[in-house]
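*Asks:* this one's sequence-less:
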DNA sequence: TATATATGAATGAACG
DNA sequence: CGTTCATTCATATATA
């Protein structure tokens, strides 16, 4: 997921995208949150090890406070991060994304195995049509997931727990 | 400019993803899907002719299964392909229309929410490391009022769809 | 070989 | 929560 030569700012103080900007017009309009490696590391530890999948509001606040030591971060960043993590972990189970979680133990694969086999069980056979229609008629008779309307609804997400509300307008809730 | 049928691998079935790392630092560099011409052709037919812009998960899986006949491909490849196709079609269209078109941007609403720490819109590290633990012991001794974090998140969890109805409208996170 | 373009992959943010 | 958008990085290929 994240090759080490990525762009995560390594430093702990200024997490600007300076390093990832070789020689171009380092645009400074940092709109998006650029998590540092420490951010990612800690968040993953929480998610994987501690099993914190859906932190509460208070937990998000606390995590954010802690992570601020490692660089600029806001509550919504932490909130979105966990939300995306959950969603993509689920997608990963469907093979739709490759959220390659680096194994915490550096077991294997780093130095390169003795022999890498890339053989697949298919492809290469191009003379025997295994599929009756290997043409372009994939969607010709494709059923469209009959049940869709009522089932989903995400079950029951009762909204929330915070009753602190309007006061946050002037003062900072956090 | 518009390379469409440029792919060298015309052999039909075998993409050359096997050999890579020609000369430079051998990373794990053959980790990128190189679509065959058939892949591209079929995908574009689906996108343009059949009008399949955003296939569902099941559709992606089916498309992938079909395309596997033409060469190695995974679900995530198809998934990313359609995603990139949509994004870049929109991007090109926006660049092409250089006339007086008002970019109807999405209403960037700004609502009161705990996500925003109003008041001091700055998050510099002015908070000195009061926390002696810079490590990842956030949840180590974290008292959680409603401790669910270490639980499981089994689905019936309150989501942060907080609707602090300050102004009488169900606000969003933002 | 060096630069430009096209495109696969990744992910923060946001919508419905 | 599931899905989509928007932006960015990385690299394969095209071009000069």
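*Replies:* Now that the structure is in, tell me what you want to look at. All values derive from a computational prediction rather than experimental measurement.

*Asks:* skipping its backbone neighbours, what lies nearest residue A:85 in space?
*Replies:* residue A:47 (5.6 Å; CB to CB, 6 or more residues apart in numbering or on different chains). (Glycine included, C-beta is placed from N, CA and C.)

*Asks:* and stretch A:54-61, is it in reach of chain B?
*Replies:* Yes: against chain B, stretch A:54-61 shows contacts by CB under 8 Å from any CB of the partner chain at A:54, A:55, A:56, A:57, A:58, A:59, A:60, A:61.

*Asks:* that stretch near DNA strand C anywhere?
*Replies:* No: using CB under 7 Å from any atom of the strand, stretch A:54-61 never reaches DNA strand C; the gap is at least 12.1 Å.

*Asks:* gap between residue A:64 and DNA strand D?
*Replies:* For residue A:64, the distance to DNA strand D equals 19 Å [CB to the nearest atom of the strand, to the nearest Å].

*Asks:* count the residues that sit near that residue.
*Replies:* Counted by other CB atoms under 10 Å in any protein chain shown, the residues lying close to residue A:64 total 21.

*Asks:* re the thing from before, could you dump the residues of stretch A:54-61 next to chain B to a markdown table with distance to residue B:33?
*Replies:* A markdown table is the format used below for the residues of stretch A:54-61 next to chain B (distance: CB to CB, whole Å):
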| residue | distance to residue B:33 |
| --- | --- |
| A:54 | 33 |
| A:55 | 35 |
| A:56 | 39 |
| A:57 | 40 |
| A:58 | 42 |
| A:59 | 38 |
| A:60 | 36 |
| A:61 | 41 |
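
*Asks:* pLDDT (mean, whole number) over stretch A:78-94?
*Replies:* For stretch A:78-94, mean pLDDT is 96.

*Asks:* can you pull the buried residues of it?
*Replies:* For stretch A:78-94, burial by neighbour count (16 or more other CB atoms under 10 Å in any protein chain shown) applies to A:78, A:79, A:81, A:82, A:85, A:91.

*Asks:* what distance do you get for the first one to residue A:69?
*Replies:* So the one you mean is residue A:78. 14 Å (CB to CB, to the nearest Å).

*Asks:* thinking again about what came up before, do I have it right that the residue nearest to residue A:85 meets residue A:88?
*Replies:* No: Residue A:47 lies out of contact with residue A:88 (CB atoms under 8 Å); the separation is 11.1 Å.

*Asks:* what are the phi and psi values at residue A:50?
*Replies:* Taking degrees, to the nearest 10, you get phi -80, psi -10 for the backbone angles of residue A:50.

*Asks:* tally of neighbours for it?
*Replies:* Neighbours of residue A:50 under the rule other CB under 10 Å: 17.

*Asks:* keep only those of the residues of stretch A:54-61 next to chain B that are in strands.
*Replies:* Residues from the residues of stretch A:54-61 next to chain B lying in strands, with DSSP state E as the criterion: none.

*Asks:* hmm, which two among those are most spread apart?
*Replies:* Within those, A:54 and A:61 form the most distant pair, 14.3 Å apart (CB to CB).
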